[in-house]
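Q: quick one, what's the 3D model for this:
(one chain, ligands or ions: 1)
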Amino acid sequence: MGTPNDRVPLADRVERLVAGDGPLPLVAAGDPVLRRVSDPFDGQLDSALLARFVQALRVTMRAAPGVGLAAPQVGVGLRIAVIEDPAPVPEEVAVARARVPQPFRVLVNPVCTPVGSGRAAFFEGCLSVPGYQAVVTRHAEVRLTGQDEHGRSVDEVFGGWPARIVQHETDHLDGTLYLDRAEPRSLSSHQAVAERWTQPTPAEAARALGFELP
Ligand code: ZN
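A: Next up is the predicted model:
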């Protein structure tokens, strides 16, 4: 059984989605599109429509605001994501989390493979799981391969916070939410994080909430 939406050709659906100029509605956890493995991008949208879709993702990410957004989060099951992080955080936080600014970029068919065995654990959140954050242990450094929005090959190593962002977004394309990888006892409302867990690292949260860090 499909929903009526499933029977509309993908390009037509995206065309309708990007018809306005404003941010797109975000899909929240519980929608099956966030749990499906997205299809590789293989020209399903022509270059003009792809450019408009990427622009719509960018507008939506900035409005949220967020540092990354994957196509399934606006209901489109294609392996496309955008990232951008101006990193507006205090110096000591930026240093502890290696949160260096990440310019806007488009990931098409991204694949992340770990580089080395380093791990990093920090609070993160997701626009599709509004209101909460949790501590996720991720590879400290990853190699990202795939393409950009012009079809050019990408092969690049990401470290620090940008490595976390590309892993989070690539996970979305595989139907994985950060909660699947999170330390359950770290789950905190945005308010609790703002009031208690703004330290550069989650060490104090780990002690107080009773979870282990790597
Ligand atoms: Zn997310």
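
Q: how many neighbours does Val33 have?
A: Counted by other C-beta atoms under 10 Å, the residues lying close to Val33 total 18. Yep, even glycine has a C-beta here, placed from its N, CA and C like the rest.

Q: show me the biggest helix of the protein in terms of residues.
A: Identified as the longest helix of the chain according to DSSP state H is helix 47-63.

Q: name the residues that touch whatever helix or strand Val154 lives in?
A: Element membership for Val154, per DSSP states H and E: strand 153-159. Contact with strand 153-159 is made by 98, 107, 110, 115, 140-148, 166, as judged by C-beta atoms under 8 Å, 6 or more residues apart in numbering.

Q: quick one: the strands in the chain, in order.
A: For the chain, the strands defined by DSSP state E cover 68-70, 80-85, 102-114, 119-125, 132-139, 141-147, 153-159, 188-189.

Q: number of nearby residues for the residue nearest to Gln147 when sequence neighbours are not counted?
A: Residue nearest to Gln147 in three dimensions, not counting chain neighbours: Val108, with 4.3 Å by C-beta to C-beta, 6 or more residues apart in numbering. For Val108, the count of nearby residues is 22 (other C-beta under 10 Å).

Q: residue contacts, Val108?
A: 41, 79-80, 146-149, 151.

Q: closest one of these to Pro214?
A: Comparing these against Pro214 with C-beta to C-beta places Gly146 closest, at 27.1 Å.

Q: confidence score at that closest one?
A: Looking at Gly146, its pLDDT reads 98.

Q: what's the closest non-adjacent residue to Ser27?
A: You called it Ser, but residue 27 is Val. Nearest to Val27 is Gly75, by C-beta to C-beta, 6+ apart, at 5.1 Å.
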